[in-house]
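[1] return atomic coordinates for the entry below.
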Amino acid sequence: VSTAMGSEKTFRMFVRSSGKVEDFEYSFNASYFDTEGPAFDLEKVGGPDYAGVTTEKQFENQEKYFNFSGNFKGFYANASFTEGKRELIFLLPAFSHGHLANNNVTRLYFGYQKQLSDKLRFDGKLGYFENSVFFEWDFFFFIFFGVQKNLASGYEADLTFFFDPTPKLNITVGLNYYNVSHAENSPFLPFFGLDARTRLAKGESRTIQSAFAQFNFKLSEKLKIVAGARAEQMPAYAFNNIDNAGLPNEIRQEAIYDQSDAEFIPRVALIYLPNEKHSLKLLYGKALNRPSFWQNNDLLEPNAPQL
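    Predicted coordinates:
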């Protein structure tokens, strides 16, 4: 157990425990963090329009974290949960105690790994994830009301083989399947006339399926080459938006993200280790940055291009 206290009424606590009971190994971690955050005059950074406005009690932050992992004869599990309550400034300074963002993240993984021979082992796992962010906006006046909810949940499956044919060569190959089965963005700010709900269409999911391979080859004690490639594909998916649900001026829209061509992503690195403290790398690679569900909201606009 460790604790610490600091300026801005900051408090930290961390607890860790681990052990082994026959063939079962486990570890437990938990932490708590709380602070009032910095207090300064916004006029210094925003100009005279912010005269008399400070950030006092507008950057309060509280975080809680929990993690448990266990391993029994090749079977393993990992569960983690994070909760955060953070005040922030978004576009405009908050009127009273700050805009509030409540963030919860849950992760659950179950897997099995086995040494098949002295040169080959595999690791397979299945995971579930859930993220939620709930905003409480604090614009303009004391009784201002505005909220926004972002949700995403799904699962991931991964199967990886590790092959060491020689002491100098290591090969890794695998398959990965990542599926977001629920995603939603629901802002409700009556003062701005905003009441919307954007979500995946019924029966739709945002999926990425991929295969990958990598090898490490030691050319000498100080020189090695690392090369790999990943092929991935995202099937098309549909999502929709409803503005002013249930009202006479209700508006419904639907869009499809359809960049479903398979992509090949290579990378290679030559690494030189002159000594234990330094390394020199020559790298080449390609990266792919697919748009998130939230970024694809722009497709709801007429004639919007695919990202």
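[2] pairing partners for the spatially most central residue of the chain in the sheet, please.
    Geometric centre of the chain, nearest residue: residue 131, 8.3 Å, by C-alpha atoms, centre = their mean. In this entry, residue 131 is beta-bridged to residue 105, residue 152, by DSSP bridges.
[3] per-residue confidence at it?
    If you check residue 131, the pLDDT there is 95.
[4] before we move on, what about residue 26?
    Confidence at residue 26, expressed as pLDDT, is 96.
[5] skipping its backbone neighbours, what lies nearest it in space?
    residue 70 (4.4 Å; C-beta to C-beta, 6 or more residues apart in numbering). To be clear about C-beta, it is placed using only N, CA and C from the backbone, and glycine gets the same treatment.
[6] okay, and the one you found sits in which element?
    Using DSSP states H and E, residue 70 maps to strand 61-72.
[7] what mean pLDDT does that strand get?
    Mean predicted lDDT for strand 61-72 stands at 96.
[8] tell me what it is packed against?
    Other elements packing on strand 61-72 under the criterion 3 or more C-beta pairs under 8 Å, 6 or more residues apart in numbering; DSSP states H and E are strand 24-35, strand 75-88.
[9] including mean neighbour count and distance to residue 105, could the ones you listed go into TSV?
    Output for the helices and strands packed on strand 61-72, formatted as TSV (neighbours: other C-beta atoms under 10 Å; distance: least, C-beta to C-beta, whole Å):
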stretch	mean neighbour count	distance to residue 105
strand 24-35	15	14
strand 75-88	16	4
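[10] a markdown table please, covering the ones you listed and showing distance to residue 217.
    Converted to a markdown table, the helices and strands packed on strand 61-72 look like this (distance: least, C-beta to C-beta, whole Å):
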| stretch | distance to residue 217 |
| --- | --- |
| strand 24-35 | 33 |
| strand 75-88 | 29 |
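[11] quick one: end-to-end length of stretch 220-240, please.
    56 Å (C-alpha to C-alpha, to the nearest Å).
[12] okay, buried residues for it please.
    Residues 224, 226-228, 230, 232, 234, 237, 239-240 are the ones in stretch 220-240 that count as buried (16 or more other C-beta atoms under 10 Å).
[13] so what touches stretch 115-135?
    Here stretch 115-135 makes contact (C-beta atoms under 8 Å, 6 or more residues apart in numbering) with 99-114, 146-165.
[14] okay, now the unreliable bits of the stretch 201-307 of the chain?
    Applying pLDDT under 70 to the stretch 201-307 of the chain flags the ranges 299-307.
[15] helices of that one, residue ranges please.
    Counting by DSSP state H, counting those that start in this stretch, one finds no helices in the stretch 201-307 of the chain.
[16] before we move on, the earlier item: let's have the buried residues of stretch 220-240 in JSON lines, adding distance to residue 186.
    JSON lines is the format used below for the buried residues of stretch 220-240 (distance: C-beta to C-beta, whole Å):
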{"residue": "224", "distance to residue 186": "50"}
{"residue": "226", "distance to residue 186": "44"}
{"residue": "227", "distance to residue 186": "45"}
{"residue": "228", "distance to residue 186": "40"}
{"residue": "230", "distance to residue 186": "34"}
{"residue": "232", "distance to residue 186": "30"}
{"residue": "234", "distance to residue 186": "24"}
{"residue": "237", "distance to residue 186": "19"}
{"residue": "239", "distance to residue 186": "13"}
{"residue": "240", "distance to residue 186": "13"}
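[17] most widely separated two among those?
    224 and 240 (50.3 Å; C-beta to C-beta).
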